[in-house]
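Visitor: Build me a model:
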Amino acid sequence: MEKPGMNVSHLVDKSELEKHVKFLSELERLSGEPEAEEAVTYIINQLKQYGVSYERYQFDGYFSDPHYGVVLVNSQIPYTLRAKARSFSRNCPNGISSKLVYDKSSDRKGESCIVDFKGKIVISWNYLEDYVMQIEKAGALGLIHIWPSEEEAIHEETVGTIWGTPTIENMDQLTKLPVVGVNYHDGIRLLEELENKEINVTIKTGLKEGIKTVSLPVGTIKGEEEEFLLISSHYDSWHKGATDNAVGNALLLELARLFSISNSRLKRGIKFAWWPGHSNGRYAGSAWYCDHFWEDLNERCVAHINVDFPGSKGNEVIFPRSTSMEDKNLLEEIIKIYTGNKPEQLTYLPRGADQSFWGPNIPIHIMFKYEPASENKIYQTPGGNWWWHTEKDLFDKVDFDLLVRDTKIHSSLVNKLSNCGVLPIRLDEFLSTSRNILEQIDSLSDKEFDFTPIYGSLEVLMSKVEKLHEKEDHNEKRLNELLKMVSGTLNRLMFSYSSRYEYDNTFPFHPYPGLAKVKGFYHKNTTPEIFLFACTYFVRQRNRFVQEVKGICREIDLYL
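Guide: Modelled structure (predicted):
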């Protein structure tokens, strides 16, 4: 049964948000460093004041802290370019020198031609993790990445391919070549010079990689039932990170304050988690939490809502990103209440939103995205702001009226999910969308990749979901348990290719990533060996899909 709950959005206090952001954005919050730990102490002290129970977990993780990068151009008149080393690239303080080669196809998605890179330093528009791994295998000595938009600032970034702390199984995937980023103008300067003559360059990088002990604070407000929502944001940052992500930390603290007032009205509990290791640990905090609280998440967590850079100046536009499992009207209506408009689009969650939770059966995953209006978006950063991941992400970049708006949106969403009866899930819409995605992958791959068993299992599931919707007499508790299992499994199939207890790599995401790996593979464009390997991989992913869906069907039958 749905509880009336208590809509606390009208109680959002701008001065509280300002206080939190002011304190946190004066700290350099690199995971494992003293000021990051000071931020955790502040968060804990606020929870104490609100009467919210808390834990300060500590764990050892593997981190990569970039300190400097430089490009020395060894031309007739040598000169130096500003650069930043990419986290998890190789530490080369003495430098590495070689001929510079331009990957001319790197500005065309999917067309990078890895030729003639052996023993050279590559300059490219691409720095994504899979690309870095490709050029490393091709024998490149280093990479200079050009930022695609024209801001003067150089953004911090990472090229680590491993999700969370490495294991003995994947530690060999740690990047072994130096990677630096330069801004657009310096990149173009190098390319123009390279058109006329050969250039030799030296890359120097300074990184400190190793084990650090970090804190992970979690606040808990209990509900009447054991089920709970997990609301999270990363507290670590590059530099002082006002909009990435002191604002998100402040938003969570304000939610904790508001719902501590109304906890007697909560049907489900709320856990608030502040992650370390998002920036310099490749989501190490959320991955550690999932590893160590896997059973609790699998049995009791009904939603994960991640919060990252709300309330940034100029970011009037908001749209939701999710697995599309939830009823889309839920998010559209909440956004319309506070913005006056329904969102222009609903998109899938990116890997970078601390999405470490595909293993446990969590049915709802949501993160809002904030951007300038399309006509004002000129910078190619996740939030559309030039100061993202730079030293200039300071207190003055926060719009507190927008942060109040964004906090109200989250408070309304949390109130709804904490107090609803049957979880707002639309399996029929999810499956219809899934069919379209799978058909697209099928149409863009060789006919030897046979999707027929996938379509067959999907059709059986769709018919059972239809019967589930037609059933009139439901036991709310049993139905929610079923929806949690079914939705969690389907989310896992759409958003990961690994086992429930491992993590995918950090490569760019495509829905149904395991099956989508064969997209673009044809006999005519692939060697016989690679095609065989692709077919073998596909069959295993197909087996995974079909058997998981059969398991879902059995559970629905038992319920019906």
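
Visitor: going forward, measure contacts and count neighbours with C-alpha atoms only.
Guide: Noted.

Visitor: Distance-wise, check the nearest residue to residue 488 once chain neighbours are set aside relative to residue 434.
Guide: In space, and not counting its chain neighbours, residue 488 is closest to residue 361: 3.8 Å by C-alpha to C-alpha, 6 or more residues apart in numbering. Distance, residue 361 to residue 434, by C-alpha to C-alpha, to the nearest Å: 18 Å.

Visitor: Which one's more surrounded, the two?
Guide: Shown here are residue 361 and residue 434; by other C-alpha atoms under 10 Å, residue 361 has more neighbours (27 against 18).

Visitor: Identify each buried residue in stretch 46-56, please.
Guide: Buried residues in stretch 46-56, defined by neighbour count with 16 or more other C-alpha atoms under 10 Å: 46-47, 50, 52, 54.

Visitor: tell me the average confidence for it?
Guide: Average pLDDT, stretch 46-56: 98.

Visitor: ok, residues contacting it?
Guide: 44, 215-221, 253, 256-257, 260 (C-alpha atoms under 8 Å, 6 or more residues apart in numbering).

Visitor: if you set the cut-off to 7 Å instead, what comes out?
Guide: Applying C-alpha atoms under 7 Å, 6 or more residues apart in numbering, the contact partners of stretch 46-56 are 215-221, 257, 260.

Visitor: still on that earlier bit, my guess is the residue nearest to residue 488 contacts residue 484. True?
Guide: Yes: using C-alpha atoms under 7 Å, residue 361 is in contact with residue 484, at 6.1 Å.

Visitor: coming back round to it: okay if I get the contacts of stretch 46-56 as TSV plus neighbour count and distance to residue 404?
Guide: Below are those laid out as TSV (neighbours: other C-alpha atoms under 10 Å; distance: C-alpha to C-alpha, whole Å):
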residue	neighbour count	distance to residue 404
215	23	28
216	22	25
217	20	23
218	23	23
219	25	21
220	20	23
221	22	22
257	21	14
260	20	18
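
Visitor: what's the neighbour count on residue 88?
Guide: For residue 88, the neighbour count with other C-alpha under 10 Å is 28.

Visitor: which residues touch the nearest residue to residue 500 once chain neighbours are set aside?
Guide: Nearest non-adjacent residue to residue 500, counting by C-alpha to C-alpha, 6+ apart: residue 359, 3.9 Å away. Counting by C-alpha under 7 Å, 6+ apart, residue 359 touches 492, 500-501.

Visitor: Narrow those residues to those that are buried.
Guide: For the contacts of residue 359, a burial check counting by 16+ other C-alpha under 10 Å picks out residue 492.

Visitor: Now go through the contacts of residue 359 and say which are in helices.
Guide: residue 492 (DSSP state H).

Visitor: Closest one of the contacts of residue 359 to residue 38?
Guide: Comparing the contacts of residue 359 against residue 38 with C-alpha to C-alpha places residue 501 closest, at 32.1 Å.

Visitor: how's the chain carved up into domains?
Guide: With domains defined by automatic domain parsing, the chain comprises 9-63+211-419, 64-207, 427-559.

Visitor: Return the most buried member of these.
Guide: Across the domains of the chain, the average number of neighbours (mean count of other C-alpha atoms under 10 Å) peaks for domain 9-63+211-419, which reaches a mean of 21.

Visitor: And it, how far out from the chain middle?
Guide: Taking C-alpha atoms, centre = their mean, to the nearest Å, one finds domain 9-63+211-419 lying 12 Å from the centre of the chain it belongs to.

Visitor: swap in stretch 496-514?
Guide: With C-alpha atoms, centre = their mean as the basis, stretch 496-514 stands 12 Å off its chain's centre.

Visitor: Check which helix or strand residue 211 maps to.
Guide: strand 200-221 (DSSP states H and E).

Visitor: so what strands line up beside that strand?
Guide: strand 53-73 (antiparallel), strand 92-102 (antiparallel), strand 269-275 (antiparallel) (DSSP bridges).

Visitor: average pLDDT across the helix or strand hosting residue 529?
Guide: Using DSSP H and E, the element containing residue 529 is helix 528-559. Across helix 528-559, the average pLDDT comes to 97.

Visitor: got it, and stretch 280-290?
Guide: If you average the pLDDT values across stretch 280-290, you get 98.

Visitor: Stretch 103-120 now?
Guide: pLDDT averaged over stretch 103-120 gives 69.

Visitor: and the end-to-end length of it?
Guide: Stretch 103-120: ends 11 Å apart by C-alpha to C-alpha.

Visitor: picking that back up, got the contact list for the residue nearest to residue 488?
Guide: Residues in contact with residue 361, defined by C-alpha under 7 Å, 6+ apart, are 298, 484-485, 488-489.
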